[in-house]
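# Model the following, please.
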Amino acid sequence: MPNMMIEKIERWHLVLLGGCAVLMGVTGWLHVPSVLLGGGVMQLNFWLLKKIVRALIGPAALQEKRATWRAVVVVLGKVALSLVFLGGLFWRYPIEVWGFMVGVSLLLLTCMIVTLLEPMTSTPAEEHDA
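Residues are numbered from 1 along each chain as shown. Predicted coordinates for the structure are as follows:
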């Protein structure tokens, strides 16, 4: 079930990002490449986190005692590399901050929409009775 939700979030994020880019292009409110870059960075970050979690918390990794520390080191390394990458992008290219922030925020909005629209499998009364 969680894998299906993650895949759904990834798909809907791309749809929402495309729609937002079209809207910004038509209205001229924000810099479209900045919106796309912000959304693309978050899509890549989400995908990388999915891969890291699947690799480090899979059945084979759970058998190892060092899996927790390896997960911490890999995630911190990913965060550090992401910050260096984004710092380099903002320093080298003319990225509009507001457009980038809108693109980044779309993933959070997508997560909220997909979660709220996901049908509930059980009611609180059923959970209490079980």
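# in this structure, which spans are helices?
Secondary structure of the chain (DSSP state H): helices at 2-27, 32-56, 59-62, 67-92, 97-117, 124-129.
# In TSV, list the ones you listed along with mean pLDDT and mean neighbour count.
Every C-beta, even on glycine, is put in place using the N, C-alpha and C of the backbone. Output for the helices of the chain, formatted as TSV (pLDDT from 0 to 100; neighbours: other Cβ atoms under 10 Å):
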stretch	mean pLDDT	mean neighbour count
helix 2-27	92	14
helix 32-56	89	17
helix 59-62	61	10
helix 67-92	84	12
helix 97-117	93	17
helix 124-129	51	8
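# Excluding chain neighbours, give the residue nearest to the residue nearest the centre of the chain in space.
Here the mean C-alpha position of the chain is nearest to the C-alpha of residue 46 (Cα atoms, centre = their mean), at a distance of 3.4 Å. Sequence neighbours aside, residue 107 is the residue nearest to residue 46 in space, at 6.2 Å (criterion: Cβ to Cβ, 6 or more residues apart in numbering).
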